[in-house]
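J.: no sequence on this one, just coordinates:
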């Protein structure tokens, strides 16, 4: 079977992304109705999941996804590998390719992922890097499609840090035809990668990405409000971030500016009273736990696609 790497959404076609999403939705239906009788698309195959950053949702969802597909998952930390003792990524990739059928890496530097993909002879999946988090955005879009239908033409607001999840949201907007409005403090504004994505989008005359200074401009008539924790793993300026991001809290007053049936998403873990109030996170517009569940279904489809099974 042919295999494909799942690195970033900007390297995939709109048709491929849509195919993975529609497959994920179909798999979710099978999961609910015939979980243990559903087709074992990756029967007998092995996924190695490497975690250089801790995780709850990524670890559990990839493990269960591979089991549901009929395969198995080996979970490793950098301490379990010679990689953590100085062995090169190239050698690690070559060796692991002899043992397993796919590799998922959750790490810090994006270059590690790129190097792994370059030297591996099996598909490599981006479970998160400091650069991007495409698996999360695939789950987010799956959740919106499930609740509201196609995301094409929707207005999506990203509130807060221009982090790795935000970059993947930018990539998704340029591929799937929704408008993304990003409200972020100047100190934590668009990264170079975001600016490059916006330039490419403008060159293609899509006008998908909008950076706004006023929060109201992002919230008004939005179909989806998204945010993330103000302090991510590895951030050392926690106290500074708390002060700078304080005006960017998602609360009930701001949600009133959005569409009446707007959804609220947060990739979790969430900190009530910081980036979002408990009233919003636990309120009727919040779909954060459906979103978390959909990591499983989205990644099941991603694994199956990477292994050439769909």
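T.: All right, it came through fine. Predicted model only: the values in this text are computed from it and were never measured. Numbers count the residues shown, from 1 in each chain.
J.: Tell me the helix or strand right after the one helix or strand residue 240 maps to.
T.: Per DSSP states H and E, residue 240 falls inside helix 238-245. Once the chain leaves helix 238-245, the next helix or strand it forms, by DSSP H and E, is helix 252-255.
J.: From the contact counts, what lies against whichever strand or helix holds residue 66?
T.: For residue 66, the enclosing helix or strand under DSSP H and E is helix 57-68. In terms of contacts (3 or more Cβ pairs under 8 Å, 6 or more residues apart in numbering; DSSP states H and E), helix 57-68 is packed against strand 46-51, strand 72-77, strand 124-128, helix 288-306. Heads up, the C-betas are built off the backbone N, CA and C, glycines and all.
J.: Specify the stretch among the ones you listed that is closest to residue 204.
T.: Relative to residue 204, the nearest member of the helices and strands packed on helix 57-68 by Cβ to Cβ is strand 124-128, separated by 23.5 Å.
J.: which other helices and strands contact the helix or strand just after that closest one?
T.: Later in the chain than strand 124-128, the nearest helix or strand by DSSP H and E is helix 134-148. Judged by 3+ Cβ pairs under 8 Å, 6+ apart, helix 134-148 is in contact with helix 14-34, strand 124-128, helix 164-176, strand 263-266, helix 288-306.
J.: a markdown table please, covering these and showing mean neighbour count and distance to residue 207.
T.: Listed next are those as a markdown table, based on neighbours: other Cβ atoms under 10 Å; distance: least, Cβ to Cβ, whole Å:
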| stretch | mean neighbour count | distance to residue 207 |
| --- | --- | --- |
| helix 14-34 | 16 | 16 |
| strand 124-128 | 27 | 27 |
| helix 164-176 | 25 | 10 |
| strand 263-266 | 24 | 23 |
| helix 288-306 | 24 | 27 |
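J.: and those, which one is worst for confidence?
T.: Least confidently modelled of the helices and strands packed on helix 134-148 is helix 14-34, at a mean of 89 by mean pLDDT.
J.: which helices and strands does that helix pack with?
T.: Against helix 14-34 (3+ Cβ pairs under 8 Å, 6+ apart) you get helix 134-148, helix 164-176, helix 288-306.
J.: rewinding a little: where does the helix holding residue 240 sit relative to the chain's centre, distance-wise?
T.: 24 Å (Cα atoms, centre = their mean, to the nearest Å).
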